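Chemist: The following block contains a protein sequence and its predicted model.
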Amino acid sequence: MTEQAATNHLSPDVAVDVLIVGAGFSGLCMGIKLKQAGTESFLVIEKGDDIGGTWHENRYPGCACDIPSHLYCFSFDPNPDWNRMYAGQAEIWEYLKSCAKRYGLLPHIRLKTRLREAIWDEGMGLWHVLAGDGLTIDARVLVSGIGALHVPSYPELPGLARFSGPSFHSATWDHDVMLEGKNVAVIGTGASAIQFVPQIAPLAGRLYVFQRTPAWIVPKPDFSISEKWKKRFRRMPGAMWAFRKFLFWQHEFRVLAFLGHRWMGRFLERIALNNLEKRIKDPQLRASLTPTYALGCKRVLFSNDFYSALTRPNVELVSERIAEVRERSIVTLDGVEQPVDILIYGTGFRVTEPMIGVRLVGRGGVEIHDAWRERMSAFLGVTVSGFPNFFILLGPNTGLGHNSVVLMIEAQVRYVMSCLKLMRRRGQKVMNLRPEAQKRFVDDVVERLSHTVWQTGGCRSWYQDQKTGENTTLWPGSVVAYMRRTRSAAAKDYE
């Protein structure tokens with residue numbers, strides 16, 4: 001990129017061929033592939049003060065990945081120097097920053113620039129974008145790499161606004177709040193909570209963990225990676241490739257448990273129950289922690305220390321529903337009142353409400369939230385009829401419950417690049433998905449989901465739309481199947 005082009009990206013008005021929103025795994029992957037294809041006219045805008053997306057924003061104690069490190073990285077940029085089998089937040093964040101630098105993306109990235117509005121101009125074949133504090137951008141192609149895990153979800157509890165002590169969500173952890181000797185309440189026992197609860201349990205004077213529904217928890221085979229193995233991976237890239245392939249297939253087979261193959265589900269359930277029986281000796285506590293729904297219906301969690309944290313003398317698991325929150329306490333439905341100095345939410349994210357705070361207007365003045373009023377959907381999770389030259393990374397029904405989502409990101413970026421090549425090959429600057437192609441895809445997804453544990457497992461989860469109960473977040477199949485379907489764009493699907 002030339003120095004002049006880099007300067008233009010800092011001006012109040014920008015015109016680019018491709019605008020990418022978000023500088024996490026998705027946005028960086030898209031930028032890298034554009035660079036490698038020789039495209040320099042692109043800009044990445046990021047609402048945060050640094051790149052990294054989820055791995056920059058989430059900095060709670062114990063924050064780590066639940067996919068092995070050598071699988072949770074770009075296939076084209078393997079990292080032989082991971083320190084742990086399951087990398088922590090700081091190490092993943094450093095990996096992403098190093099990728100941005102290594103592939104020359106930094107001049108293309110504009111931080112502290114939140115997407116506010118994008119309006120399609122049919123006559124000009126452009127997206128008119130408003131971002132940050134008055135930045136205007138004209139872009140032929142708009143790519144959303146916003147992701148799903150970035151807008152915290154808060155519970156609706158009576159009296160919550162009355163609480164007078166410090167309170168924060170795991171995604172916006174307040175490191176200035178001292179927990180030592182305090183009465184701390186944690187609401188939620190999901191993926192974030194089971195990581196930070198063991199970290200804060202030794203600090204709190206009293207820790208109350210409020211659980212709504214117990215989770216299936218399996219042991220996490222985590223360990224530090226020796227320097228000897230790092231050197232082997234550096235010297236023999238083929239060995240690291242083989243190790244990554246082993247991890248991929250090991251995780252890929254787990255999807256069978258979610259797609260209706262009960263023998264695999266029962267096998268994983270037995271592993272989880274053995275883990276519970278081994279670590280929790282109190283029969284009453286064990287009963288409170290035993291799920292009553294099929295494994296996989298909610299997110300399967302990985303931990304070696306959550307159960308042991310609950311057995312500490314200063315920790316209490318509270319399974320009774322919360323009746324109300326008071327100024328300095330929480331009262332449950334059985335009338336018990338727990339004194340609370342600090343309140344921490346481990347209640348996840350608003351996953352089924354995409355593009356929150358963004359106005360995106362396509363053809364005919366249709367806003368995307370209106371287009372998705374009945375069901376959030378996109379063809380292959382990537383393109384939406386009526387929104388030309390707009391692509392979504394990690395869009396509807398492309399999340400995973402069994403394997404590395406980075407694999408899905410790479411497949412989607414490859415598909416977007418094939419769309420750009422298709423336009424260039426046909427001498428056209430605009431492409432719009434045919435509505436019948438989107439309907440076919442959605443009908444197929446809905447039918448396949450009907451046979452999965454997410455619909456038949458006997459639970460409600462954040463995978464499901466809260467209004468309709470439909471699973472609009474997860475891909476009902478294997479990663480291999482998705483890779484095949486996104487190999488290249490077909491002209492017949494587009495106008």
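Modeler: Perfect, thanks for sending it.
Chemist: Mind telling me what element Lys228 is part of?
Modeler: Under the criterion of DSSP states H and E, Lys228 resides in helix 227-235.
Chemist: Can you list the helices and strands that the following helix or strand past that helix packs against?
Modeler: Next in sequence after helix 227-235, counting helices and strands by DSSP H and E, comes helix 237-252. For helix 237-252, the packing partners by 3 or more C-beta pairs under 8 Å, 6 or more residues apart in numbering; DSSP states H and E come out as helix 227-235, helix 479-485. Using the backbone N, CA and C atoms, a C-beta is placed for each residue, glycine as well.
Chemist: what about Cys29, is that helix, strand or coil?
Modeler: Under DSSP: H, G, I helix; E, B strand; the rest coil, Cys29 falls in the helix class.
Chemist: can you tell me which helix or strand the closest residue in space to it that isn't next to it in sequence belongs to?
Modeler: Once flanking residues are discounted, Cys29 sits nearest to Val413: 4.9 Å by C-beta to C-beta, 6 or more residues apart in numbering. For Val413, the element it lies in under DSSP H and E is helix 405-426.
Chemist: per-residue confidence averaged over that helix?
Modeler: For helix 405-426, mean pLDDT is 97.
Chemist: before we move on, the earlier item: contacts for the helix holding Lys228, please.
Modeler: Applying C-beta atoms under 8 Å, 6 or more residues apart in numbering, the external contacts of helix 227-235 come out as 80-82, 239-240, 243.
Chemist: Then stretch 155-165?
Modeler: Residues outside stretch 155-165 that contact it (C-beta under 8 Å, 6+ apart) are 154, 187-188, 322-328, 340-343, 345, 347.
Chemist: how does it look with 6 Å?
Modeler: For stretch 155-165, contacts defined as C-beta atoms under 6 Å, 6 or more residues apart in numbering pick out 322, 324-327, 341-343, 347.
Chemist: Just the buried residues from these, in ChimeraX please.
Modeler: Entered in ChimeraX, the line below selects the buried ones among these, by 16 or more other C-beta atoms under 10 Å:
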select :322,325,326,341,342,343,347
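Chemist: The residue of the chain positioned farthest from its centre - nearest residue in space that isn't next to it in sequence?
Modeler: Distance from the C-alpha centroid of the chain, by C-alpha atoms, centre = their mean, peaks at Gly335 (37.0 Å). Nearest in space to Gly335, with sequence neighbours left out and distances taken as C-beta to C-beta, 6+ apart, is Ala323 at 7.9 Å.
Chemist: does the one you found count as helix, strand or coil?
Modeler: strand.
Chemist: Next one: the most centrally placed residue in the chain from Cys63, what distance?
Modeler: Centroid check for the chain by C-alpha atoms, centre = their mean gives Leu149 as the closest residue, at 4.3 Å. Using C-beta to C-beta, to the nearest Å, Leu149 is found at 12 Å from Cys63.
Chemist: and if you look at Phe243?
Modeler: Phe243 is 24 Å from Cys63, by C-beta to C-beta.
Chemist: quick one, which of these two is more surrounded?
Modeler: Cys63 (21 against 17; other C-beta atoms under 10 Å).
Chemist: I figured the more buried one hits Ala90, correct?
Modeler: No - using C-beta atoms under 6 Å, Cys63 makes no contact with Ala90, being 8.4 Å away.
Chemist: now the strand or helix carrying Glu316: mean pLDDT?
Modeler: Taking DSSP H and E as the definition, one finds Glu316 inside strand 315-318. On average, the pLDDT along strand 315-318 is 98.
Chemist: returning to that earlier point: quick one: residues contacting the residue nearest to the centre of the chain.
Modeler: Applying C-beta under 6 Å, 6+ apart to Leu149 gives the contacts 54, 349.
Chemist: let's see it at 10 Å
Modeler: 24, 53-54, 57-58, 171, 191-192, 348-351, 394, 399, 405 (C-beta atoms under 10 Å, 6 or more residues apart in numbering).
Chemist: Same check on Phe42?
Modeler: Shown in contact with Phe42 (C-beta under 10 Å, 6+ apart): 1, 9, 16-20, 30-31, 34-35, 105, 108, 139, 141, 143.
Chemist: Repeat that for Cys459.
Modeler: By C-beta under 10 Å, 6+ apart, the contact set of Cys459 is 213, 291-294, 296-298, 453.
Chemist: Type out the ChimeraX command that picks the buried ones from the residues you listed.
Modeler: Buried members of the contacts of Cys459, defined by 16+ other C-beta under 10 Å, are picked up in ChimeraX with:
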select :213,291,293,294,296,297,298,453
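Chemist: can you tell me which of the contacts of Cys459 are in helices?
Modeler: Counted as lying in helices by DSSP state H, out of those, are Val453.
Chemist: Can you tell me which of the contacts of Cys459 is nearest Gly365?
Modeler: Of all the contacts of Cys459, Lys298 has the smallest distance to Gly365: 38.9 Å, by C-beta to C-beta.
Chemist: Go ahead and confirm the closest one touches Arg460.
Modeler: Yes - the pair Lys298 and Arg460 passes the contact test of C-beta atoms under 10 Å, sitting 8.4 Å apart.
Chemist: overlap in contacts of those two?
Modeler: With C-beta under 10 Å, 6+ apart, Lys298 and Arg460 have common neighbours Thr213.
Chemist: Pull the number of nearby residues for the closest residue to Ser488 other than its chain neighbours.
Modeler: Distances taken as C-beta to C-beta, 6+ apart place Ser418 nearest to Ser488, at 4.2 Å, with adjacent residues excluded. Using other C-beta under 10 Å, Ser418 is surrounded by 15 other residues.
Chemist: before we move on, what about the one 3 residues further on?
Modeler: The burial metric for Lys421, expressed as a neighbour count using other C-beta under 10 Å, is 13.
Chemist: His70 too?
Modeler: Neighbour count of His70, defined by other C-beta under 10 Å: 22.
Chemist: Next, it: secondary structure please.
Modeler: coil.
Chemist: Run through the residues that contact it.
Modeler: Counting by C-beta under 10 Å, 6+ apart, His70 has contacts 78-80, 82, 85, 87, 225, 233, 240-241, 243-244, 246-248, 404.
Chemist: can you tell me the distance between the two ends of stretch 106-117?
Modeler: 24 Å (C-alpha to C-alpha, to the nearest Å).
Chemist: average model confidence for it?
Modeler: 97.
Chemist: How about stretch 243-258?
Modeler: 96.
Chemist: ok, and for it, which residues are buried?
Modeler: Neighbour counts over stretch 243-258 (16+ other C-beta under 10 Å) mark 243-244, 247-248, 251-252, 254-258 as buried.
Chemist: How many residues are close by the closest residue to Pro435 other than its chain neighbours?
Modeler: Ranked by C-beta to C-beta, 6+ apart and with sequence neighbours excluded, the top spatial neighbour of Pro435 is Ser385, at 4.3 Å. Residues lying near Ser385 (other C-beta under 10 Å) number 22.
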